[in-house]
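A.B. asks: below are the sequence and a predicted model; questions follow.
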Amino acid sequence: MKSRILCSSLTHACMAVMLWCGISSCGDSWFEREPKNIITEENVWNDPDQILAILANLYDRLPTLSGFSGDMNLHAYFDDASWSGLGNGANQLASYGYDFARYWDYGLIRDINLALENIGIYSQLPEADIRQYNAELRFIRAFVYFELVKRMGGVPLITEPLVYDFGGDPAYLQYPRAKESEIYDFVASETDAIAETLGNSNSATRANRYTALALKSRAMLYAGSIARYNSLMPVPIATPGGEVGIPASLADGYYRKSLEASKQIIESGKYRLFKENADLGANFYDMPVTETGNPEIIFAEDFNASKKHYFTFNNIARGARESDNGASYVTPSLNLVEAFDYLDGSPGILKNRTEDGSDYIYYDRVSDIFAGKDARLYGTVVYPGTQFRGVDVVLQAGVKVWNGSEYETVEGEAFGVYYTDGGVQVGTSGPHRTAELVSNTGFNLRKLVSEAPGASDQITLGQNWWPWFRLGEIYLNAAEAAFELGLPEAKDYINTLRERAGFPPNSIQTVTNGIIRNERRVELAFEDHRFFDLRRWRIAHERWTGDVNNPDDMMYALYPYHIVGGVHDGKYVFEKLVAPRFTVPRYFRMGNYYSSIATDVLTNNPKIIPNPFH
């Protein structure tokens, strides 16, 4: 009997045979032989090691926008950070291209469908093992479809391998786009179907029951948001066939599904919020990077000695780096820093001037301006007066020298230099107005930047994992879904998270949209949520209007200065300014709510319609 060859991007076996037949005369008798040097389907699907290798390949291909395996620099394309790295592209972004965030990986879908078909045909492993692998493959496929729908809207829903019959007419392979709601429904039904079958109960890097619930929690929240907030737009974004747009009548049903999935995770006791460090700021930093015994991480992308990332090398503060290049690519904005409230409940606007604006506020220590802030700020941002990797990260833009009648500002081109009084003139980590690879905003990233030795070295690089799902997000999903359903428990979920950050119990008594959205911003900063949250709430075009006079469109910086001379000698003052390298306001167009479908896709399949405004 002829052996079927595993013909997909998971192996090069078919390529090897095709190449051989291309350079020699292959008669039919060749294909009647039992292969001796290629992998057959029977070999693959009856060998757990090879199945695990295929699963590892598929997990490794899960997409992120700005995660470690995506374009990490895209963090500077939104409003939580500015670009301080080489060049100035992200600071000159006139508008988002319609192809921004585009994703259309049907090669990955085909490989998953092929694997699902073949494991059913060829595997003789115990039935429990087959069910487990089948469920894991279906989870990966559901994850991919969620990534497709959240970027593109409704897409062709294909759940079996498509095989061309060489008959000349490919029409039967051309699927139209499903409704946007149908793709979200597919994700929900798949996660429901596989949740109880998935094993891996103690794994954070392979899907288990709670990973499936976490995907459902997030996906159903997105669907509910689109159903509600798209319909509230003056002109809803929709297509006649429902490929884009979800009826408002479906919103509550999606929110209920999201809340149910979230509650199952929260109430299971399987996970708990990370509270391993008595220092609440350090605890929040430790939370996403701790891999051993971490009670909060539900699912993460693993990195190791054979799979490393450049995130730490790119983003560590200049004064703490281990290589002579790299550092400070993405630097948090003052916009984000001021989104972290004070623990007394007041808004997080930093106080650098007197109330009437007539004078500076003079601080004894450069870190004093941040006193009393939400502890998550420390865990997210390296701000003046703090350390990283046990090294003082000196952030000082210059000195202000009293000349007898006023202050003269002295900055400089070199870093880590001293003024004539013996004090620092410009910090080892900046900030600096024009230099590259040093903070342009007055801040550096801390969150997800590894303190491990060698992580910022260009040769050894980082190996900390990327958190796909964690319990903190699930609390926020539950809070938002409960709020949208008018349930009072929304504030309990919010307050639980805020208590970990140092707020007193029940600090929020009345939940609003604004509170939920700000909590997501500060809790989930730099975890690949911000852009998609603003899209699903249908407020991105109101937030980023392309207007230099709109403060939300501009990236701001905080520049510290040391006082030399006069009655305030030795104190610190701060200037708020537009980040000097930031030149073009953020502008989100209506056509950016859905990414464009590539021209070749539209050309090759006339059944696929383009997205609105494209």
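C.D. replies: Right, received. Where do you want to start? Numbering: from 1, shown residues only.

A.B. asks: how about the strands of the stretch 251-400 of the chain, start to end?
C.D. replies: Ranges of strands within the stretch 251-400 of the chain are 297-301, 330-332, 381-382, 387-388, 391-392, 398-402, based on DSSP state E, counting those that start in this stretch.

A.B. asks: would TSV of those strands with mean neighbour count and distance to residue 50 be doable?
C.D. replies: (Each C-beta comes from the backbone N, C-alpha and C, glycine too.) Output for those, formatted as TSV (neighbours: other Cβ atoms under 10 Å; distance: least, Cβ to Cβ, whole Å):
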stretch	mean neighbour count	distance to residue 50
strand 297-301	22	22
strand 330-332	30	39
strand 381-382	28	44
strand 387-388	17	43
strand 391-392	14	46
strand 398-402	21	61
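
A.B. asks: and residue 231, which of these is closest to it?
C.D. replies: strand 297-301 (31.4 Å; Cβ to Cβ).

A.B. asks: go through the strands of the stretch 251-400 of the chain and name the closest to residue 464.
C.D. replies: Closest approach to residue 464 among those is made by strand 297-301 (9.3 Å; Cβ to Cβ).

A.B. asks: listing partners with orientation, what would you give for that closest one?
C.D. replies: strand 466-470 (antiparallel) (DSSP bridges).

A.B. asks: packing partners for the next helix or strand after the partner strand?
C.D. replies: Going down the chain from strand 466-470, the next helix or strand is helix 471-484, by DSSP states H and E. Here helix 471-484 touches helix 209-225, helix 251-268, helix 490-500, helix 513-523, going by 3 or more Cβ pairs under 8 Å, 6 or more residues apart in numbering; DSSP states H and E.

A.B. asks: now those helices in CSV, with mean neighbour count, distance to residue 435 and mean pLDDT?
C.D. replies: What follows is these, written out as CSV (neighbours: other Cβ atoms under 10 Å; distance: least, Cβ to Cβ, whole Å; pLDDT from 0 to 100):
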stretch, mean neighbour count, distance to residue 435, mean pLDDT
helix 209-225, 26, 39, 98
helix 251-268, 21, 45, 98
helix 490-500, 21, 37, 98
helix 513-523, 18, 29, 98
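
A.B. asks: distance to residue 102 for those - can I get that in JSON lines?
C.D. replies: Listed next are the helices and strands packed on helix 471-484 as JSON lines, based on distance: least, Cβ to Cβ, whole Å:
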{"stretch": "helix 209-225", "distance to residue 102": "17"}
{"stretch": "helix 251-268", "distance to residue 102": "24"}
{"stretch": "helix 490-500", "distance to residue 102": "33"}
{"stretch": "helix 513-523", "distance to residue 102": "24"}
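
A.B. asks: number of nearby residues for residue 375?
C.D. replies: Residues near residue 375, counting by other Cβ atoms under 10 Å, number 21.

A.B. asks: that one against residue 499, yeah?
C.D. replies: No. Residue 375 lies out of contact with residue 499 (Cβ atoms under 8 Å); the separation is 10.5 Å.

A.B. asks: ok so, going back, residue 599: which of the helices and strands packed on helix 471-484 is closest?
C.D. replies: Closest to residue 599 of the helices and strands packed on helix 471-484 is helix 209-225 (Cβ to Cβ; 27.0 Å).

A.B. asks: ok so, going back, can you redo the strands of the stretch 251-400 of the chain as JSON lines with mean pLDDT and distance to residue 41?
C.D. replies: JSON lines is the format used below for the strands of the stretch 251-400 of the chain (pLDDT from 0 to 100; distance: least, Cβ to Cβ, whole Å):
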{"stretch": "strand 297-301", "mean pLDDT": "98", "distance to residue 41": "28"}
{"stretch": "strand 330-332", "mean pLDDT": "98", "distance to residue 41": "45"}
{"stretch": "strand 381-382", "mean pLDDT": "98", "distance to residue 41": "51"}
{"stretch": "strand 387-388", "mean pLDDT": "97", "distance to residue 41": "51"}
{"stretch": "strand 391-392", "mean pLDDT": "96", "distance to residue 41": "54"}
{"stretch": "strand 398-402", "mean pLDDT": "98", "distance to residue 41": "68"}
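
A.B. asks: between the ones you listed, which one is nearest to residue 440?
C.D. replies: Nearest of the strands of the stretch 251-400 of the chain to residue 440, taken as Cβ to Cβ: strand 330-332 at 6.0 Å.

A.B. asks: which strands border the closest one, and is each parallel or antiparallel?
C.D. replies: strand 81-83 (antiparallel).

A.B. asks: what's downstream of the partner strand, the next helix or strand?
C.D. replies: Criterion used, DSSP H and E; the element after strand 81-83 is helix 106-122.

A.B. asks: that following helix: which residues count as buried?
C.D. replies: Using 16 or more other Cβ atoms under 10 Å as the test for burial, helix 106-122 gives 106, 108-116, 118-119, 122.
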